[in-house]
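*Asks:* attaching a predicted model along with its sequence, questions to come.
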Amino acid sequence: EALRAAEPTPARLVLQHNERATSKAANLNAALSLTEGHAITFLIDADHHVTADSVRQVTAVLDASPRSTVCVQGSVLVRGEACWDMTLSTLSWYFYAMVLPAFEACGGASMFVGASACWRSSVLRKYGFSDQMIAEDDDLTMRVVRDGLDVQVWPLAETTELPAEGVAAFLSQRLRWCYGYEQSLNRHLCGLVCERPRALLQRLFAWYSYTMNF
């Protein structure tokens, strides 16, 4: 209903079964052809609750941004009223409302975190997702940033997701993110030094934060 309200043309649901897919990146790449004819693509995860207002906000920000801005990242908070849910939601709020804007200010660009973000469809089709990377979202960020393009964060566009089911699941999730993030950093470190050293400051700070905390 949120997407129907945000999209002036009739809504269309297309279900695909990708038998060869072995990763999230492969599934995303299989769906990229569906973005033909659409200027903007909004990505969400299966457990996300998205509102029409959050879609309108990120698409409006992208429309008003320079052509060098190819993605606007909204915030992903955790839904639920339990103490655990609210604790995780607070951590998410801190990341999207404070850390990512600081990355953008210091490094010249923010980062795409996998979902709740809108992209210029042509750019998304051009770069695609690497199924060789654990953090395919961060790898995509690095490739567009190295080419002089930008990712912007808009924390006011809020989407909610399910919480991790307990401390063990939370730590496992974060450790996987750490590994994927470092894999992406190692792949792009030398390129950043030569092509966009200001963004390198952002990546080193984020790497430190993840490895020290998780």
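*Replies:* On my side now, so go ahead. Numbers count the residues shown, from 1 in each chain.

*Asks:* next SSE downstream of the longest strand that the chain contains?
*Replies:* Longest strand in the chain by number of residues, with DSSP state E as the criterion: strand 150-161. Counting by DSSP states H and E, the next helix or strand C-terminal to strand 150-161 is helix 167-195.

*Asks:* ok, back up a step: give me the helices and strands touching the longest strand of the chain, please.
*Replies:* helix 52-64, strand 69-78, helix 100-107, helix 136-146 (3 or more CB pairs under 8 Å, 6 or more residues apart in numbering; DSSP states H and E). Every C-beta, even on glycine, is put in place using the N, C-alpha and C of the backbone.

*Asks:* mean neighbour count added to these, as TSV?
*Replies:* As requested, the helices and strands packed on strand 150-161 are exported to TSV (neighbours: other CB atoms under 10 Å):
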stretch	mean neighbour count
helix 52-64	18
strand 69-78	24
helix 100-107	17
helix 136-146	23
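
*Asks:* name the helix or strand of the protein that has the lowest mean pLDDT.
*Replies:* helix 2-6 (a mean of 51; mean pLDDT, DSSP states H and E).

*Asks:* next SSE after that helix?
*Replies:* Assignment by DSSP H and E places the next element after helix 2-6 at helix 24-31.

*Asks:* ok now that following helix, how far from the chain's centre?
*Replies:* 15 Å (CA atoms, centre = their mean, to the nearest Å).

*Asks:* run the angle between it and helix 136-146 for me.
*Replies:* 70 degrees (axes from the mean of the first three to the mean of the last three CA atoms, to 10 degrees).
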